[in-house]
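Visitor: for reference, the sequence and a predicted model appear below.
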Amino acid sequence: MKRLLVMGACCLFVFGASTAYGDDRNVILVPQEVKSIFLEEMRTHLDNLNEITLALSAGDFKTAAYIAENKMGFGSSVRTVMKEQGRTDEEIEEMLIKLRESKSRIDHPGRGMGRFMPDEVREMGRVFHDAAANFANIAKNVATPPTTDDYQRVFTALSEIIDVCSACHSSYRVE
């Protein structure tokens, strides 16, 4: 009984503390339909990170690179739509190069979720996509068999992706 009371008090402390203190993250106001799409995209990124870690645990660096590049890299939604339209890999890459060049200006909001975001969040998104591309490049170039240095580089690059996620989610919330 005493143990149950202690557990209950701990739960009240933990859950009470989380509601007693306000959420002091910066609020990004977006239309409800944009919020739903944006949050789904964030959950998809978590799923992608899970797929990457599973691929890495199996020693499948090529699959991990593919996921990062095609599902988390810059223009991943454009890539998906163009694939569905039957475009070739060359056509897709050509379009992504053009889009990257147009996004080189910080004041360009883009066509994706970035157009609804403040500059600081848009910059975090750019850093996220760049980190995913960096990870993909590193994972693609792992030796066979992988060395200790390969593993260190891959996990450092993966950590850079997660760091951006953590920084953004610690600083902002959408409403």
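Guide: In hand now; what should we look at?

Visitor: so R173, which of the three states?
Guide: Here R173 is recorded as strand under DSSP: H, G, I helix; E, B strand; the rest coil.

Visitor: ok, and the closest non-adjacent residue to it?
Guide: R25 (4.7 Å; Cβ to Cβ, 6 or more residues apart in numbering). C-beta coordinates here come from the backbone N, C-alpha and C atoms, glycine included.

Visitor: return the residues in contact with that neighbour.
Guide: S170, S171, Y172, R173 (Cβ atoms under 8 Å, 6 or more residues apart in numbering).

Visitor: which ones are touching the first one?
Guide: Spelled out, it's S170. R25.

Visitor: flag the shaky bits of the protein, pLDDT-wise.
Guide: 1-20, 103-111 (pLDDT under 70).

Visitor: tell me the buried residues in the helix or strand hosting T80?
Guide: T80 is part of helix 76-84, with elements assigned from DSSP states H and E. In terms of neighbour count (16 or more other Cβ atoms under 10 Å), helix 76-84 has its buried residues at S76, V78, R79, M82.

Visitor: of all pairs in those, which one is the farthest apart?
Guide: Pairwise distances across these (Cβ to Cβ) peak at 10.8 Å, for the pair S76 and M82.
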